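Colleague: Starting from these lines, generate the structure:
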Amino acid sequence: MSNLAIQFHLLLFFSIPIALTTARLGKLEVRSNKNVAMFVFGDSVFDPGNNNYIDTSISGKANFPPYGETFFRYPTGRVCDGRILPDFAAAYVGLPYWRPYLDPDNHNFVVGANFGSAGGAVLVETNPYTINLEQQVFYMKKVASLLKEELGDENASELLKGAIYLSSLGGVDYMAFSSSTSDPTEAEMEAYVKIVIGNITNAVKDIYALGGRKFAFQNVGPLGCQPENKQSYNTSGCVELLQTLASMHNDVLNTVAEELASELPGFKYLIFDYFTTVMERTENPTKYGFKEGDIACCGSGTHRADGCGYLTVAYELCSNPNEYVFFDGGHPTEAANIQLTELLWNGTTNVTWPINLSQLVELDSTDVKISTENVDILIDQRVAPGRVSKANV
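Modeller: Numbers count the residues shown, from 1 in each chain. Next up, the predicted model:
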């Protein structure tokens, strides 16, 4: 790329808060003048449409109506009636709504990239037909190399150091485990959680080695209370096994994040309590401005949890998604995502700790110094991503 092109990309990046958000946010406000990139990893709650570009089943796609109709007026591949949490998080720092990383026309990674994939698991073997965490990190490495080619090592290093690395991981793995393991013991659950967390830790260390320093972890939500799982397990209450797995994961995630902060120089993080914030709205929807937290807006069955948009299913569709916590069996509505992102951005330590996203964004580069000392050692100590066995935990 020519020097002129590089200067253009840098100018574009540093003018984004003024140029892009005013026209696109409507009533929302840009919350920070800090110029940061954002890189997103995750599953269906974070997928902006990457699965449109891979060969997977219809259950792994949302590129058909009524998905997307609340805001975009057409299906984008987001498993939502409109915008997802990463869209609002990006908008708060002046970035545009996400285009899928796999979109062949998406070449401007100076603002970041979203690698999320519906069905994307932490473990390779959980769901081989979507984009697992190992593959998402591989894409991140490709982007980092491209940035160095386009911007030069110094500029790319500064961009990667100041960027936010936002993730939502683990839910797909625990739902797969619960469906394949009959009445697991506590020891079996603990071992599986350690495998999942071990692979997430490996991914974090890989991103850290690339220069990443500021990590925003969304913990696993209340899987057992999602309409899809209530319907699948034929229960009016929450599925205890899934709730237990999610809680165990979240407890270990807290511990591991603290350990990484003490182990890795300059590592900063937050954990957003997606479990509690979604659970509260499921249990008491009217308190938060919703009418329904138990049944989805779109789908078939007792909880409208299956087949939203399928031509082969006689599904139901609510008249106003803004009245529902869930749009389909496992994914919040845009209205719920607005509330959740506000808590991620500006919440107190009862919902996001030890800091919130606005505070993580505002950290100066002097607080996240890049030190390559011990990075090679950390990489050498890693286990193979996606292939951790119980012998490794």
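
Colleague: By mean pLDDT, point me to the weakest helix or strand of the chain.
Modeller: helix 21-24 (a mean of 34; mean pLDDT, DSSP states H and E).

Colleague: Past that helix, which element shows up next along the chain?
Modeller: Where DSSP states H and E defines the elements, the next helix or strand beyond helix 21-24 is strand 38-42.

Colleague: partners of that next one, with directions?
Modeller: Strand pairing for strand 38-42, using DSSP bridges, gives strand 112-114 (parallel), strand 164-168 (parallel).

Colleague: Which of the ones you listed sits closest to Asp328?
Modeller: Asp328 sits nearest to strand 164-168 of all the strands paired with strand 38-42, at 16.5 Å, using Cβ to Cβ. Just so you know, the C-beta spots here come from the backbone N, C-alpha and C atoms, and that holds for glycine as well.

Colleague: ok, which stretches of this protein are helices?
Modeller: Assigned helices in the chain, in chain order: 3-14, 16-19, 21-24, 85-92, 133-151, 153-162, 171-180, 186-210, 227-232, 240-263, 274-283, 334-346, 357-362, 375-380 (criterion: DSSP state H).

Colleague: what would the ones you listed look like in CSV with distance to Ala296 and mean neighbour count?
Modeller: As requested, the helices of the chain are exported to CSV (distance: least, Cβ to Cβ, whole Å; neighbours: other Cβ atoms under 10 Å):
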stretch, distance to Ala296, mean neighbour count
helix 3-14, 38, 13
helix 16-19, 35, 15
helix 21-24, 28, 13
helix 85-92, 18, 26
helix 133-151, 27, 19
helix 153-162, 38, 17
helix 171-180, 16, 21
helix 186-210, 26, 20
helix 227-232, 5, 23
helix 240-263, 17, 18
helix 274-283, 11, 21
helix 334-346, 11, 21
helix 357-362, 27, 20
helix 375-380, 42, 12
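
Colleague: Is it possible to get a markdown table of the ones you listed that adds distance to Gly309?
Modeller: Shown next, in a markdown table, are the helices of the chain (distance: least, Cβ to Cβ, whole Å):
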| stretch | distance to Gly309 |
| --- | --- |
| helix 3-14 | 36 |
| helix 16-19 | 33 |
| helix 21-24 | 25 |
| helix 85-92 | 20 |
| helix 133-151 | 25 |
| helix 153-162 | 38 |
| helix 171-180 | 20 |
| helix 186-210 | 30 |
| helix 227-232 | 14 |
| helix 240-263 | 24 |
| helix 274-283 | 22 |
| helix 334-346 | 16 |
| helix 357-362 | 31 |
| helix 375-380 | 43 |
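
Colleague: residues near Ser59, how many?
Modeller: Close neighbours of Ser59, defined as other Cβ atoms under 10 Å, add up to 12.

Colleague: Hmm, I typed the wrong one, I wanted Arg73.
Modeller: Residues contacting Arg73 under the criterion other Cβ under 10 Å number 10.

Colleague: and if you look at Asp105?
Modeller: 7.

Colleague: what's the nearest residue to it if we skip its chain neighbours?
Modeller: Arg99 (7.7 Å; Cβ to Cβ, 6 or more residues apart in numbering).

Colleague: Quick check: the one you found touching Phe109?
Modeller: No. Assessed by Cβ atoms under 8 Å, Arg99 is found out of contact with Phe109, at 10.5 Å.

Colleague: Flag the shaky bits of the chain, pLDDT-wise.
Modeller: 1-29, 365-393 (pLDDT under 70).

Colleague: Mind listing the residues bridging to the residue most central in space within it?
Modeller: With distances taken as Cα atoms, centre = their mean, Ser168 lies nearest the centre of the chain, 3.4 Å away. According to DSSP bridges, the partner residues bridging Ser168 are Gly42, Gln218.

Colleague: separation between it and Glu258?
Modeller: Using Cβ to Cβ, to the nearest Å, one gets 20 Å for the distance from Ser168 to Glu258.

Colleague: same deal with Val45?
Modeller: The value you get for Val45 to Glu258, if Cβ to Cβ is used, is 25 Å.

Colleague: and if you look at Val239?
Modeller: Counting by Cβ to Cβ, the separation of Val239 from Glu258 is 29 Å.

Colleague: Equivalent analysis for Tyr324, please.
Modeller: Distance, Tyr324 to Glu258, using Cβ to Cβ: 36 Å.

Colleague: Buried residues, stretch 99-112. List them.
Modeller: Within stretch 99-112, the residues scored as buried using 16 or more other Cβ atoms under 10 Å are 99-103, 109-112.

Colleague: which two in these are spaced the farthest apart?
Modeller: Comparing every pair within the buried residues of stretch 99-112 by Cβ to Cβ identifies Leu102 and Val110 as the most remote, at 17.9 Å.

Colleague: so how far is stretch 52-59 from its chain's centroid?
Modeller: Mean-position distance between stretch 52-59 and its chain equals 19 Å (Cα atoms, centre = their mean, to the nearest Å).

Colleague: Then stretch 217-235?
Modeller: For stretch 217-235, the separation from the chain centroid amounts to 17 Å (computed by Cα atoms, centre = their mean).

Colleague: end-to-end on that stretch?
Modeller: Stretch 217-235 has its terminal residues 30 Å apart, counting by Cα to Cα, to the nearest Å.

Colleague: and the gap between the nearest residue to Gly116 once chain neighbours are set aside and Leu343?
Modeller: Setting aside the residues directly before and after it, Gly116 is nearest to Phe46 in space (Cβ to Cβ, 6+ apart), at 3.5 Å. When distance is defined by Cβ to Cβ, Phe46 is 16 Å away from Leu343.

Colleague: Likewise for Phe267?
Modeller: On the measure of Cβ to Cβ, Phe267 and Leu343 end up 23 Å apart.

Colleague: got it, and Thr126?
Modeller: Distance of Thr126 to Leu343, computed by Cβ to Cβ: 28 Å.

Colleague: how much space between Val30 and Arg83?
Modeller: Going from Val30 to Arg83 by Cβ to Cβ gives 15 Å.
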